[in-house]
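> What shape does this take:
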Amino acid sequence: MTPYEKQRSLPGAEGALKPGMSFEILDTLAYEMSDNDAVGRQCYGEKVAPPFGKWRR
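Sure thing, here's the model as predicted:
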């Protein structure tokens, strides 16, 4: 279990998120690509994720 999955499984975890953020939004980011894919892209200087504000609703 990853730290993210553990945090998500805790009771009341949704309340610990900043206003406007949800686990649905975080899931989109967390499961978009594997850890190995992200590292490979970073090695070539690519940005792995768009700016944080793009996930806000």
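> Restrict the helix or strand containing D27 to CA atoms and write it as CSV.
Assessed by DSSP states H and E, D27 sits inside helix 23-30. Extracted as CSV, the C-alpha positions of helix 23-30 are listed here (Å, rounded to 0.1, in the frame of the first residue of the first chain):
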residue,chain,number,x,y,z
PHE,A,23,-9.7,12.4,-4.0
GLU,A,24,-11.3,12.1,-7.4
ILE,A,25,-9.0,14.9,-8.6
LEU,A,26,-6.0,13.4,-6.9
ASP,A,27,-6.7,10.0,-8.4
THR,A,28,-6.5,11.5,-11.8
LEU,A,29,-3.0,12.7,-11.1
ALA,A,30,-1.9,9.7,-9.1
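> mind listing what's buried in that helix?
Within helix 23-30, no residue counts as buried by 16 or more other C-beta atoms under 10 Å. C-beta: built from backbone N, CA, C; applies to glycine.
> Would you mind checking the average pLDDT for it?
On average, the pLDDT along helix 23-30 is 86.
> Does anything pack onto it? Which helices or strands?
For helix 23-30, the elements it packs on are helix 3-9, judged by 3 or more C-beta pairs under 8 Å, 6 or more residues apart in numbering; DSSP states H and E.
> Report the residue spans of this structure with pLDDT below the cut-off.
44-57 (pLDDT under 70).
> mind running it again at 50?
Along the chain, no part satisfies pLDDT under 50.
> how about P11, phi and psi?
The phi and psi torsions at P11 (degrees, to the nearest 10) take the values phi -60, psi 140.
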